[in-house]
Each structure stands twice: as C-alpha cells, then as structure tokens.
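>>> let me see the structure of the following:
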Amino acid sequence: MKTTSVLSAHLIDEIKALPARYPQPRSAVMPALDLAQEELGYLTPEAMTEVATALQLDAGYVEGVATFYTLFHLEPIGKHRFYMCTNLSCTLRGAEELVEHLRGAIGVHEAGEVSKDGLFSYEEVECMGACEYAPMCRVDHRYHYDLTAEKVDGLVAERRSPAAAAPLSSSPLSPTLPPERGEGDKPKRAPKKKKADG
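Now for the predicted structure:
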C-alpha cells in the first residue's frame, strides 16, 4: 500500500528539477529544504525523507543539513516568523528593547513560542549583513531596516490583515537597501576644477 506524501506532487517535481541547476547534486539540498519548509511551515521527518528521495541522496545527510542551519525549523512556527538581529551593531542601536516590544506586540514570552492565533513567532539571530542600517530584521523573506517600535507595530499590523499578509508571504528575498538610504542617495562629488592654461 502506497503511503501518502506530505509534500505536494508539484513540489516534489520542482525539487527533482533542482540538481540540474548546480554543479553538484548535493548543492540542491538547501533550496529543496527551503521549498519544503515554505509549503509545510516546518520540516517534518517525513518531509526530509521525501526531499532525500527526490534528490536521490542519503536521508541522514539531508537531515544533517536541516539540523545544522538555524533557518530550518523542525517544530511548528508562526505563519510569520520574525528574525530579529541582536548582533553588536543592532544591539547598540536598541535591538534588545525592540525584541521586548515585539514580544508584547505578538503576545509571546520567549523565542520560539507561537502566538495563540498561530500567526507569529520570533527568534534572535546573528548578523544578517546590514549593520549600517541597524537595527533590522527579516520577516516574510524581506529585510526591514532602521527599525523602531512604531515600525515593528506596523509590520505586525500588516500581517494581522489577511489582505495585506497574502502577497507578503510569497515575496522573494529582498536584500535591497531602503530607498531613503539607497545607492542613488549617496552624496555626489564636486566636479573637478579645470586647470588654468599656461
């Protein structure tokens, strides 16, 4: 008797196609696990086994990758997971106070706890490479910079509204800089003065 797959058929097909994009088939493990987690919310043992089968890899290797990286979750998480950077630059600019504020805003007491409505959870993470724009976080595959308590409240409020949350949950990872401090706003150098002739 055939067992029911925990991953959808179209997702398994998508995972099977991944190795062709990489020089080594094992390089497809992380994107495959990311797809599985995106569909289920977290990685179950069955999902990891199905990923291994689809990639024709040892199940122990796939599980080892999933347990090594903190962005993979082996237990249920909130629909919207806040990754709050608490490394040095963010901490110096108030990250710890923002984490405390976030806990109150989503109604949890500690990292990893899922809010009663199932919408939110958070974890504290190390540097995400945007120290100049500290404090910052990642939520729904987007980075958010120069955080304040008001901005955190806005992110939570947007995700409580189904109309606002639906498109955000499928957005691509967007490491672009905030418009107000982006590349186009760097000060321009003054033009060089022409040397006087002879």
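>>> shaky segments in this structure?
Within the chain, the segments meeting pLDDT under 70 span 1-3, 162-198.
>>> repeat the analysis, applying 50 as the threshold.
1, 165-176, 179, 181-191, 198 (pLDDT under 50).
>>> for the residue nearest the centre of the chain, what are phi and psi?
Most central in the chain under C-alpha atoms, centre = their mean is His141, positioned 4.4 Å from the mean C-alpha point. His141 adopts backbone torsions of phi 60, psi 20, taken as degrees, to the nearest 10.
>>> quick check: it vs Pro135, distance?
Separation of His141 from Pro135 (C-beta to C-beta, to the nearest Å): 19 Å. (C-beta placed from N, C-alpha, C; glycine too.)
>>> strands of the protein, start to end?
80-85, 120-125, 137-139, 142-144 (DSSP state E).
>>> need these in a markdown table with distance to Arg21 and mean neighbour count, can you?
Below are the strands of the chain laid out as a markdown table (distance: least, C-beta to C-beta, whole Å; neighbours: other C-beta atoms under 10 Å):
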| stretch | distance to Arg21 | mean neighbour count |
| --- | --- | --- |
| strand 80-85 | 26 | 22 |
| strand 120-125 | 27 | 21 |
| strand 137-139 | 24 | 23 |
| strand 142-144 | 24 | 18 |
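>>> ranges for the helices of this protein?
With helices called from DSSP state H, the chain shows them at 9-17, 29-40, 45-55, 59-68, 88-92, 95-106, 149-160, 162-169.
>>> in the shortest one, what's buried?
Think helix 88-92. Judged by neighbour count (16 or more other C-beta atoms under 10 Å), helix 88-92 contains these buried residues: Ser89, Cys90, Thr91.
>>> between those, which is nearest Met48?
Cys90 (31.7 Å; C-beta to C-beta).
>>> that closest one: what's it in contact with?
Going by C-beta atoms under 8 Å, 6 or more residues apart in numbering, Cys90 touches Met84, Cys131, Ala134, Pro135, Met136.
>>> farthest pair in those residues?
Met84 and Cys131 (14.5 Å).
>>> domains in this structure, by residue range?
10-68, 80-175 (automatic domain parsing).
>>> looking at those domains, which is closest to Thr4?
Using C-beta to C-beta, the nearest of the domains of the chain to Thr4 is domain 10-68, at 9.4 Å.
>>> residues near Leu71, how many?
Residues near Leu71, counting by other C-beta atoms under 10 Å, number 14.
>>> should've said Glu132
11.
>>> repeat for Glu97
Neighbours of Glu97 (other C-beta under 10 Å): 12.
>>> nearest spatial neighbour of it, skipping sequence neighbours?
Ala149 (7.8 Å; C-beta to C-beta, 6 or more residues apart in numbering).
>>> ok, now Val6?
Nearest non-adjacent residue to Val6 (C-beta to C-beta, 6+ apart): Glu46, at 4.6 Å.
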